[in-house]
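**Student:** Make a model of this:
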Amino acid sequence: MVSVRSLHPWNVSPEEAIRIQRRLASQVISRGEPEGVELVAGVDISVDRAGRGRGAVVVLSYPELRLVERVVEEREVPFPYVPGLLSFREAPVLLPALERLRHRPDLLLVDGQGLAHPRRFGIACHLGLLLDLPAIGCGKSRLVGEYREPGPAVGDRAPLVDRGQVVGQVVRTRAGVKPVFVSPGHRIGLEEAVAWVLRCARGYRLPEPTRLADAVAGGRRVPGTEPPAGGRLL
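**Tutor:** Predicted coordinates:
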């Protein structure tokens, strides 16, 4: 149900990865509004000390945000940890999981950056372009840019500015907790990305799709994300 475009090789050096990012950044569409959204997917990955990654994709119904499907993929992660090159480390684990989905999502939420990236090509841009899906980056930490702390209420936000360009919004999704860093990934505008993150928030810091993906990738038990009794883990 989900196909992956072949845009470049994955067995590359960090220097070549940077050149790929710069080349593909011009193909990112940072405007638009996803239409007819019925399924929202969240993706995340954990990597253990041995360098083995566990990637998780959860697909939720919208607006109920009930689990429709979950897929887990485990494999080696040979690419080194280099700030700004997260997608080359994580995407090779996540893409096989996404290809195994039985349901094609209408929107993808990624625990990471979109345009809020030194080369304007974070993992949300990369995955969105590879899958040709609207994608949003919703990171827990800042990679680039400066901002003022947003107000304390849910929905309060402040622009994230890098080299004179607004590349994202720092958004309060829960009162009294740290904000998240929202930026467009692909086929969506900044204001629309913020609106969708808030629509998918359910009283936690992270929006529900990436919160559940984070839990599944980390091997934590979360009600509603376990496979059925006697069933197999996809």
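**Student:** Where does pLDDT dip in this structure?
**Tutor:** Within the chain, the set of residues satisfying pLDDT under 70 comprises 222-234.
**Student:** ranges for the strands of it?
**Tutor:** Secondary structure of the chain (DSSP state E): strands located at 39-47, 52-61, 67-76, 107-110, 135-139, 157-162, 165-171, 180-186.
**Student:** In the sheet, which strands lie alongside the first one, parallel or antiparallel?
**Tutor:** This points to strand 39-47. Strand pairing for strand 39-47, using DSSP bridges, gives strand 52-61 (antiparallel), strand 107-110 (parallel).
**Student:** out of those strands, deepest packed?
**Tutor:** strand 107-110 (a mean of 29; mean count of other Cβ atoms under 10 Å). In short, each C-beta sits where N, CA and C put it, glycine included.
**Student:** quick check: longest helix of this structure.
**Tutor:** Determined from DSSP state H, the single longest helix within the chain is helix 86-99.
**Student:** Which of the strands paired with strand 39-47 sits closest to Leu95?
**Tutor:** Closest approach to Leu95 among the strands paired with strand 39-47 (Cβ to Cβ): strand 52-61, 8.5 Å.
**Student:** rewinding a little: what lies in contact with the longest helix of the chain?
**Tutor:** Residues external to helix 86-99 that are found in contact with it (Cβ atoms under 8 Å, 6 or more residues apart in numbering): 2-4, 10, 12, 14, 17, 41, 43, 45, 47, 53-57, 71-75, 77, 79-82, 112-113, 122-123, 126-127, 130-131.
**Student:** Which positions within stretch 123-143 qualify as buried?
**Tutor:** Buried residues in stretch 123-143, counted by 16 or more other Cβ atoms under 10 Å: 123-131, 133-139, 142-143.
**Student:** one step back: any chance of JSON lines for the strands of the chain, columns distance to Phe88?
**Tutor:** Formatted as JSON lines, these follow (distance: least, Cβ to Cβ, whole Å):
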{"stretch": "strand 39-47", "distance to Phe88": "12"}
{"stretch": "strand 52-61", "distance to Phe88": "12"}
{"stretch": "strand 67-76", "distance to Phe88": "14"}
{"stretch": "strand 107-110", "distance to Phe88": "14"}
{"stretch": "strand 135-139", "distance to Phe88": "16"}
{"stretch": "strand 157-162", "distance to Phe88": "21"}
{"stretch": "strand 165-171", "distance to Phe88": "20"}
{"stretch": "strand 180-186", "distance to Phe88": "16"}
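**Student:** which stretch among the ones you listed comes nearest Arg199?
**Tutor:** Judging the strands of the chain by Cβ to Cβ, what sits closest to Arg199 is strand 39-47, at 8.9 Å.
**Student:** coming back round to it: who wins for proximity to Asp214 among the strands paired with strand 39-47?
**Tutor:** That would be, of the strands paired with strand 39-47 and by Cβ to Cβ, strand 52-61, which comes in at 7.8 Å.
**Student:** next one: the closest one to chain centre, how far?
**Tutor:** The chain centre lies 11 Å from the centre of strand 52-61; the measure is Cα atoms, centre = their mean, to the nearest Å.
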